[in-house]
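[1] the sequence isn't on hand, but the structure is:
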């Protein structure tokens, strides 16, 4: 049984301070919701480095290899000697290989961002909480997982959060 607390803050400074405080106390899997990017919040949450650049590199190299293979295969299947140049001339392949590399990298980046950001998710349990829609306007939220081994879910977490001066604390995901 996983439960967490949704904590609302009035400013980005309070959100950042709360994230640093809870992370220092050993809480993991913190999630922050903010209407705009907050400098230093990724480090405060302990977020790992994104793997999207690696996916884009792999997609771009795949596009490069695919275009090279197609052009090389077309040269073998349909030989056409133009201007006395050899059948296989790499400088003639460069424009198509470049364009295909850029296209494949851009498509990979788009798909990776859509999938990784969760834009394909139509509903989330936080959507049912009154006031959470303000997270895209002017409020800052932090979710803290609070499963205590003694069964008092959220009691220790609430006392730890009291030092951060939240606007309100809402339990999420409890049965």
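    Received it, and whenever you're ready, just let me know what you need. Worth saying up front: this structure is predicted, and the values here are computed from it rather than measured. Numbers count the residues shown, from 1 in each chain.
[2] just the helices from this protein, written as ranges.
    Along the chain, counting by DSSP state H, helices occupy 12-24, 41-45, 52-77, 90-117, 155-162.
[3] now render the ones you listed as CSV, adding mean pLDDT.
    Below are the helices of the chain laid out as CSV (pLDDT from 0 to 100):
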stretch, mean pLDDT
helix 12-24, 92
helix 41-45, 91
helix 52-77, 95
helix 90-117, 94
helix 155-162, 83
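[4] what's the closest of the ones you listed to residue 139?
    Nearest to residue 139, of all the helices of the chain, is helix 12-24, at 9.4 Å by Cβ to Cβ. From N, CA and C alone the C-beta is placed, and that goes for glycine too.
[5] you'd agree residue 169 is up against residue 161?
    Yes - Residue 169 is within contact range of residue 161, at 6.3 Å (criterion: Cβ atoms under 8 Å).
[6] those two: which is more packed in?
    residue 161 (22 against 17; other Cβ atoms under 10 Å).
[7] how about that one: what's its closest non-neighbour residue?
    residue 7 (5.8 Å; Cβ to Cβ, 6 or more residues apart in numbering).
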